[in-house]
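Colleague: dropping the sequence and predicted coords here.
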Protein chains: 2
Amino acid sequence: MPPSTPTTRVRMSDVADAAGVSLVTVSRAINTPDKVAPETLAAVRSVVARLGYVPNLTAGSLASSRSRIVAAIVPTISNPVFAETVEALTLTLAEGGYQLLLGQSAYRDNDEAALVETFLGRRVDGLVLTGCGQSRTLRSRLAKAGVPVVQTWDLPEAGEAAIGPVLDMAVGFSNLAAGAAAARHLIERGHRRLGFVGADEARSRQRLEGFRAEAAQAGLGDVPADLLRSPVQIDQAASQLAQLLARRADLSAVFCSNDLLAAGVLFECRRRGIAVPQQLAVMGFGDLPIARAAWPPLSTVIIRRAEMGQRAGRMLLARLADEDPGARSVNIGFEVAARAST
Amino acid sequence: MPPSTPTTRVRMSDVADAAGVSLVTVSRAINTPDKVAPETLAAVRSVVARLGYVPNLTAGSLASSRSRIVAAIVPTISNPVFAETVEALTLTLAEGGYQLLLGQSAYRDNDEAALVETFLGRRVDGLVLTGCGQSRTLRSRLAKAGVPVVQTWDLPEAGEAAIGPVLDMAVGFSNLAAGAAAARHLIERGHRRLGFVGADEARSRQRLEGFRAEAAQAGLGDVPADLLRSPVQIDQAASQLAQLLARRADLSAVFCSNDLLAAGVLFECRRRGIAVPQQLAVMGFGDLPIARAAWPPLSTVIIRRAEMGQRAGRMLLARLADEDPGARSVNIGFEVAARAST
DNA sequence: GTGAAAGCGCTAACAC
DNA sequence: GTGTTAGCGCTTTCAC
């Protein structure tokens, strides 16, 4: 292929000339076909096909000030937890003719803010953010920009002041409540010496907070926790578990901030000859496919990740089409899956 | 936040007026700061900050016919195998001031072609594709468009006709050779009754082909294989293994087309009480973090996924900056990791 | 249903 | 080093 040989691009005016109509008519034939006479439409379309015309969306964006691009920022796409949300979001947006610009913040607030800035420069039509922990500066920046924003993967519970309020729209769940539910599950199954393994990152910390609060309420002692710098990889699970056991050798249950980590703990237990759940119960988070595939199957907290992405996409599409986006803030909840690992 | 209250946007001319310079000077201060006098630069910058000016990249793109956007198409982002490549690609491109538009083909050729079409409409500056199996139509379409293209995750070996030649640039490895290497490893470890578990998708099939060819050469009999419709989830591993064992009960080794699937097989073996590797050896592909974290640790084929994304990004950046992109086609190779599972 | 004119907000020449 | 003049390729009025 001749790399630096850009073909002469066909423009809309070329199509217009060839079809013997005006440029506007071509534009209409493409964007609002029902406002064009059937014969004209057919003529234009055949010319478009013959010439291989591809509309220049950049020019269109500039003229209409609608980019048909939505940007999403996730901490990292290689965390499978976010991948599925992004996947569903991309597909949902595509249905509405929108494309996704992907940003990765690497869990750094500064990077997130910088990404938002470039995205605003691209005049993206919407923004999907992960979490509700945006800085004051960023929040006001977004408010000023007037761009539709959907926050995901979190949702402040009533009275939960640690994280900010919903910026514009949101679809998520309370990580605090999810952590508490996990603790409740373990306590119900008779465990009283709990531990936590997770990442040192906002939502993971909230889960831990909820987990600890519930444990405290049940009169359980301290919950040792080992927080790893994000992004956490499954291969850190072994050393995590080791540290936890060093701090509390009689641990009876571990809650992991995601299923991958939990699977790692499962493997490590296997290696050490620790029987799960008899000697140690292991609980995950997310309900990734691996949770069901593991042996023993992992008890976990089910998060409908794809639905979250789909809903976020739909809310944006509705808003962008000036339709009713429904509730501003959607709690998609979570569910504890009690399986054999606890 | 007032959603439908777009703030009056500051334009470049506003900045120019406020700074008492011409519009071009502002443009230069932003894009080529070293071509502007220090004082002027400072003045412009302070006005930019004060007014909160954000350059409209859409307008810039139209005027310069450079979008500073690169699009990537992967089958699905929720396959962790691709996620890391995309992650590295995004980050590498960001260093050069480029952003990533994400497309997912869901392993369907038509979707891929449609995505390419929209991306071309956006006048993306570059394109990253997965695999080398593009259709004739798509190939010529891309050639005509004159956009730099990098193919990834595959690379035709000399004499390998099943997949097309490199379109423009490529960074990958031979899936055929990788499959053969896996077979060789298993054979070396004394296994003679091999099986395969994987997805019914181009690259997975190539690995199988190489695997079978090697087995045949070693005089081994038929290699039963069970190909699942993509995308394959780890929770299908159990039934896959069951099917394979039904076809050949005395199987001594299974090669899985990715590590996640292999981990699933490991769990299933655990459940069935099959000793790994004594009764059944399990080999994965990719060297995902789970391969090391598993117990027993998974023998696998190491693919430097992040490096692939990074290289693809660098090749594009070099080309876009009119620098020497180096070799057109980079074979990043692979490596067999012999661990305890075989 | 169709067309003419007027931009969208920038960058690319080319002057000075 | 800075400014002036022309567009980039569309969509949007507003006529007819």
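Modeller: Alright, I've got the coordinates.

Colleague: show me the domain layout of chain A.
Modeller: A:12-55, A:67-173+A:306-333, A:176-302 (automatic domain parsing).

Colleague: what number of residues lie near A:A63?
Modeller: Using other CB atoms under 10 Å in any protein chain shown, A:A63 has 11 neighbouring residues. For every residue, glycine as well, the C-beta is placed using N, CA and C.

Colleague: do you know how far it is from A:L23?
Modeller: 12 Å (CB to CB, to the nearest Å).

Colleague: quick revisit: which one of the domains of chain A has the lowest average pLDDT?
Modeller: Lowest mean pLDDT within the domains of chain A: domain A:67-173+A:306-333, a mean of 91.

Colleague: straight-line length of that one, end to end?
Modeller: 32 Å (CA to CA, to the nearest Å).

Colleague: residues of the helix or strand containing A:A246 that come out buried?
Modeller: Taking DSSP states H and E as the definition, one finds A:A246 inside helix A:237-247. Going by neighbour count (16 or more other CB atoms under 10 Å in any protein chain shown), the buried part of helix A:237-247 is A:A237, A:A238, A:Q240, A:L241, A:L244, A:L245.

Colleague: the helix or strand that it is followed by pairs with which strands, parallel or anti?
Modeller: Of the helices and strands lying after helix A:237-247 in sequence (DSSP H and E), the nearest is strand A:253-256. If you go by DSSP bridges, strand A:253-256 pairs up with strand A:194-199 (parallel), strand A:281-283 (parallel).

Colleague: mind listing residues that contact the longest one?
Modeller: By that I understand strand A:194-199. Strand A:194-199 is touched from outside by A:183, A:186-187, A:204-205, A:207-208, A:211-212, A:215, A:220, A:223-232, A:237, A:240-241, A:244, A:247-248, A:251-258, A:261, A:265, with contacts defined as CB atoms under 8 Å, 6 or more residues apart in numbering or on different chains.

Colleague: what does the shortest one give?
Modeller: With CB under 8 Å, 6+ apart as the test, strand A:281-283 has contacts from A:182, A:185-186, A:189, A:191, A:252-256, A:262, A:265-266, A:269, A:276, A:298-301, A:341-342.

Colleague: hmm, back to that, just the buried residues of helix A:237-247 now: which is nearest chain B?
Modeller: Top of the list for closeness to chain B, among those and by CB to the nearest CB, is A:A237 at 6.0 Å.

Colleague: how close does the residue lying closest to that closest one once chain neighbours are set aside get to B:D259?
Modeller: The shortest distance from A:A237 to any non-neighbouring residue, by CB to CB, 6 or more residues apart in numbering or on different chains, is to A:G264 (2.6 Å). Using CB to CB, A:G264 is found at 13 Å from B:D259.

Colleague: neighbour count winner among those two?
Modeller: Taking neighbours as other CB under 10 Å, A:G264 and B:D259 compare with A:G264 leading, 30 against 27.

Colleague: ok, now which ones touch that one?
Modeller: Per CB under 8 Å, 6+ apart, neighbours of A:G264: A:I234, A:D235, A:Q236, A:A237, A:A238, B:I290, B:A293.

Colleague: quick one: name the residues of the stretch 101-250 of chain A near chain B.
Modeller: Residues of the stretch 101-250 of chain A found near chain B (CB under 8 Å from any CB of the partner chain) are A:101-104, A:117-118, A:120-123, A:142-146, A:148-149, A:167-168, A:233-235, A:237-238.

Colleague: buried ones among the residues you listed?
Modeller: A:101-104, A:118, A:120-123, A:142-143, A:145-146, A:148-149, A:167-168, A:233-235, A:237-238.

Colleague: could you tell me which of the residues you listed are located in strands?
Modeller: Filtering those for membership in strands, criterion DSSP state E, returns A:L101, A:L102, A:G103, A:Q104, A:V149.

Colleague: farthest-apart pair in those residues, please.
Modeller: Greatest spacing in those, by CB to CB: A:Q104 and A:V149 (17.6 Å).

Colleague: and the residue of the stretch 101-250 of chain A closest to DNA strand D?
Modeller: The nearest approach of the stretch 101-250 of chain A to DNA strand D comes at A:D125, 12.3 Å away (CB to the nearest atom of the strand).

Colleague: now distance to A:V70 too, for the strands paired with strand A:253-256, in a markdown table please.
Modeller: Listed next are those as a markdown table, based on distance: least, CB to CB, whole Å:
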| stretch | distance to A:V70 |
| --- | --- |
| strand A:194-199 | 27 |
| strand A:281-283 | 35 |
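
Colleague: noted, bye for now.
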